[in-house]
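A.B. asks: no FASTA, just this:
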């Protein structure tokens, strides 16, 4: 049988033993049917075989995010203005002002995660006064990591927050000297206040949610992502909030492979949640595009150790062990894999006590269970996980919160957060992900840059050389090693005969670009099951059409997604309206920002034009 598609004239990184780099691949019925030399593969073409010359580009297996929130994120993607990768607060605020101008009442403008104040050259967040100056009537909600949300006056009114609104447990509504809310919401350390406030905003109708999910998937495809494991989330109820993604799956319109975990929603009734779900769905049920993956990342509310490094480490309540044990016994009895959110070693120690106790009575026998995050895990607990056959999924949250961690715990402690190299040496299955979208960016290349360079997005070095990963190992954590976490080892993650034909053709060579340029990579051609799901530049003709983002005022129509400003600064796209200042600043006499130039410290107008002026607030 002649192949359906042949890609050739490339540097194909297979991650498969025996042939680490090849010249061409052939794809038949959605799987790789040949991987090797072009002289052997090209003659197998038939009359209907499509041939794509990838132009000597680097080709890698499709990236897999082992911890993201794509189902929830997809429902809201078209509503959100992304500041991922924007390097100047001045630019970020110009984007915000432009979006405010087109957002109709009663809709909100939302910036929901994916950035940190340290990425801005100004090294700060906007003030509440600046938000109110830019948006006096349109509600604005800005979520910064797990620590705070900024609301303008219109958003406070829309939420109904007044001087009589009490502080919820674990959160603070900051007030002025008269007791009135200022607009600053703080996690102390529980982020529930932040998320509950976001949930008060208007939602898209189902037709728009379907469109939004398709745009979010295409955005991930643009970055080379072909598969994800969805970790559930608060306010993400099963099965109701899965209706959109299930409808797209049934219609064959998913451009990602999604394995989903179920996240308990009812504090005090977690075991009842999982007992009910074990009667509704079984792990592995579904298709190669949409399948159930088990429980978590929340198993019981009492085990949640919120990772706000601006606040002291929270102590878990004394009843945590009993509640967790009840749920784990339900899962083991029903042969459900699970994942558990755990930031701190102290939390991991207590959870492992429970796991070991259950294992003595009910052996896990190859169940794939793992911890998420594990920033401060100890060597002893790494070895305990290895002994129980568990894994660890790490995310690049320290790339966004590293400066806060150093401030509280010191540089030495930050140097092993998390100790990925030590995990690998212990033989523990380790995979990488983002925990997007509400904290870190969904951009996988920012994670890969963090793994290789050890730097935060602001450029702060966190780790010594021994803690850094080489580029191939880091890539494996984003591809074949992540398949363990969805129980799909050998099915995908490599360019190998018989595996699912998922791959990404990169904009530059991951193995040759400067380490600090890794974060700027993207895919110019992405395939899932041998089908093109994204193409740009010379490959745009292969890309399937995508309807415009809905509604017509969506930020996605104007600004796209992650790394928008950075991409335009590199000259990779048409000039951004964000960077085209309509007039020179009347305060500092500069025109537009001049990226990538030496800082003109001796020339005041040029200095402010380069580093980002606050004149957008006037």
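C.D. replies: Alright, I've got the coordinates. Just so you know, these numbers come straight off a predicted model, no measurement behind them. Numbers count the residues shown, from 1 in each chain.

A.B. asks: show me where the stretch 51-200 of the chain has helices.
C.D. replies: Assigned by DSSP state H, counting those that start in this stretch, the helices in the stretch 51-200 of the chain fall at 70-76, 89-102, 128-134, 153-159, 192-198.

A.B. asks: Please read the previous query as pertaining to the stretch 401-550 of the chain.
C.D. replies: Counting by DSSP H, counting those that start in this stretch, the helices of the stretch 401-550 of the chain are 411-414, 420-425, 444-453, 471-477.

A.B. asks: looking at those, which is buried most?
C.D. replies: helix 444-453 (a mean of 25; mean count of other CB atoms under 10 Å). C-beta coordinates here come from the backbone N, C-alpha and C atoms, glycine included.

A.B. asks: Packing partners of that helix?
C.D. replies: Packing partners of helix 444-453 (3 or more CB pairs under 8 Å, 6 or more residues apart in numbering; DSSP states H and E): helix 398-409, strand 430-433, helix 471-477.

A.B. asks: between the ones you listed, which one is nearest to residue 208?
C.D. replies: Smallest distance to residue 208 across the helices and strands packed on helix 444-453 (CB to CB): 27.2 Å, for strand 430-433.

A.B. asks: what lines up beside the closest one in the sheet?
C.D. replies: strand 391-395 (parallel) (DSSP bridges).

A.B. asks: want to throw the helices and strands packed on helix 444-453 into TSV with distance to residue 309 and mean pLDDT?
C.D. replies: Converted to TSV, the helices and strands packed on helix 444-453 look like this (distance: least, CB to CB, whole Å; pLDDT from 0 to 100):
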stretch	distance to residue 309	mean pLDDT
helix 398-409	4	97
strand 430-433	19	98
helix 471-477	23	98
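
A.B. asks: Distance to residue 221 for these - can I get that in a markdown table?
C.D. replies: Formatted as a markdown table, these follow (distance: least, CB to CB, whole Å):
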| stretch | distance to residue 221 |
| --- | --- |
| helix 398-409 | 22 |
| strand 430-433 | 17 |
| helix 471-477 | 18 |
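
A.B. asks: Distance check, the closest residue to residue 433 other than its chain neighbours against residue 431.
C.D. replies: Spatial nearest neighbour of residue 433, excluding adjacent residues (CB to CB, 6 or more residues apart in numbering): residue 67 at 3.5 Å. Distance, residue 67 to residue 431, by CB to CB, to the nearest Å: 8 Å.

A.B. asks: again with residue 94
C.D. replies: For residue 94, the distance to residue 431 (CB to CB) stands at 38 Å.

A.B. asks: Could you check which of those two has the larger neighbour count?
C.D. replies: residue 431 (27 against 24; other CB atoms under 10 Å).

A.B. asks: Isn't that one up against residue 372?
C.D. replies: No: at 10.0 Å, residue 431 and residue 372 do not qualify as touching, with contact defined as CB atoms under 8 Å.

A.B. asks: Are there residues contacting both of these two? Which ones?
C.D. replies: 392, 393 (CB atoms under 8 Å, 6 or more residues apart in numbering).

A.B. asks: what helices or strands is the helix or strand containing residue 210 leaning on?
C.D. replies: Element membership of residue 210, judged by DSSP states H and E, is helix 206-222. Secondary-structure packing of helix 206-222 (3+ CB pairs under 8 Å, 6+ apart): helix 70-76, helix 243-250, strand 523-528, strand 531-535.

A.B. asks: Buried deepest among the ones you listed, which one?
C.D. replies: strand 523-528 (a mean of 28).

A.B. asks: Strand partners (parallel or antiparallel) of that one?
C.D. replies: Under the criterion DSSP bridges, strand 523-528 sits next to strand 503-506 (antiparallel), strand 531-535 (antiparallel) in its sheet.

A.B. asks: The closest residue to residue 24 other than its chain neighbours: neighbouring residues, count only.
C.D. replies: Distance criterion CB to CB, 6+ apart; nearest residue to residue 24, sequence neighbours excluded, is residue 8 at 3.8 Å. As a burial measure, residue 8 scores 19 neighbours (other CB under 10 Å).

A.B. asks: same check, this time on residue 16
C.D. replies: Residues lying near residue 16 (other CB under 10 Å) number 18.

A.B. asks: Am I right that it is in a strand?
C.D. replies: No: Residue 16 is assigned coil when assessed by DSSP: H, G, I helix; E, B strand; the rest coil, not a strand.

A.B. asks: As TSV, the strands paired with strand 523-528 with mean pLDDT would be great.
C.D. replies: Output for the strands paired with strand 523-528, formatted as TSV (pLDDT from 0 to 100):
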stretch	mean pLDDT
strand 503-506	98
strand 531-535	98
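
A.B. asks: closest one to residue 278 among those strands?
C.D. replies: Between the strands paired with strand 523-528, strand 531-535 lies closest to residue 278; by CB to CB that is 33.2 Å.

A.B. asks: So what touches the helix holding residue 210?
C.D. replies: Residues contacting helix 206-222 (CB under 8 Å, 6+ apart): 65, 70-71, 73-79, 203-204, 228, 243-245, 247-248, 253-256, 442, 522-523, 526, 528, 533-534, 536, 546-547, 549-551, 556, 560-562.

A.B. asks: Compute the inter-axis angle for it and strand 523-528.
C.D. replies: Angle, helix 206-222 to strand 523-528, by axes from the mean of the first three to the mean of the last three CA atoms, to 10 degrees: 110 degrees.

A.B. asks: Distance from helix 206-222 to the middle of the chain?
C.D. replies: Chain-centre distance of helix 206-222: 15 Å, with CA atoms, centre = their mean, to the nearest Å.

A.B. asks: Residue 96 touches residue 135, doesn't it?
C.D. replies: Yes: Residue 96 lies in contact with residue 135 (CB under 8 Å); the separation is 7.3 Å.

A.B. asks: Next, show the common contact partners of those two.
C.D. replies: Jointly contacting residue 96 and residue 135 under the rule CB under 8 Å, 6+ apart are residue 109.

A.B. asks: quick one, which of the two is more surrounded?
C.D. replies: Each of residue 96 and residue 135 has its neighbours counted (other CB under 10 Å); residue 96 has more, 26 against 22.

A.B. asks: and the gap between the more buried one and residue 129?
C.D. replies: On the measure of CB to CB, residue 96 and residue 129 end up 14 Å apart.

A.B. asks: Equivalent analysis for residue 270, please.
C.D. replies: To residue 129, residue 270 is 43 Å away according to CB to CB.

A.B. asks: Just the endpoints, please. Distance across stretch 76-93?
C.D. replies: 21 Å (CA to CA, to the nearest Å).

A.B. asks: scratch that, stretch 358-378 is what I was asking about
C.D. replies: End-to-end span of stretch 358-378 (CA to CA): 22 Å.

A.B. asks: Name the residues of that stretch that are buried.
C.D. replies: Neighbour-count burial for stretch 358-378 flags 358-359, 364, 367-378 (criterion: 16 or more other CB atoms under 10 Å).

A.B. asks: any idea of the mean pLDDT for that stretch?
C.D. replies: Averaging pLDDT along stretch 358-378 yields 97.

A.B. asks: and residue 38, what does it touch?
C.D. replies: Neighbours of residue 38 in contact, by CB under 8 Å, 6+ apart: 8, 9, 23, 24.

A.B. asks: Most neighbours out of these, which is it?
C.D. replies: With neighbours taken as other CB under 10 Å, the top of the contacts of residue 38 is residue 24, carrying 23 neighbours.

A.B. asks: helices and strands of the chain: which one bottoms out on pLDDT?
C.D. replies: Ranked by mean pLDDT, DSSP states H and E, the helix or strand of the chain with the weakest confidence is helix 604-611, at a mean of 40.

A.B. asks: returning to that earlier point: now do the residue nearest to residue 24, the pLDDT please.
C.D. replies: Residue 8 carries a pLDDT score of 98 in this model.
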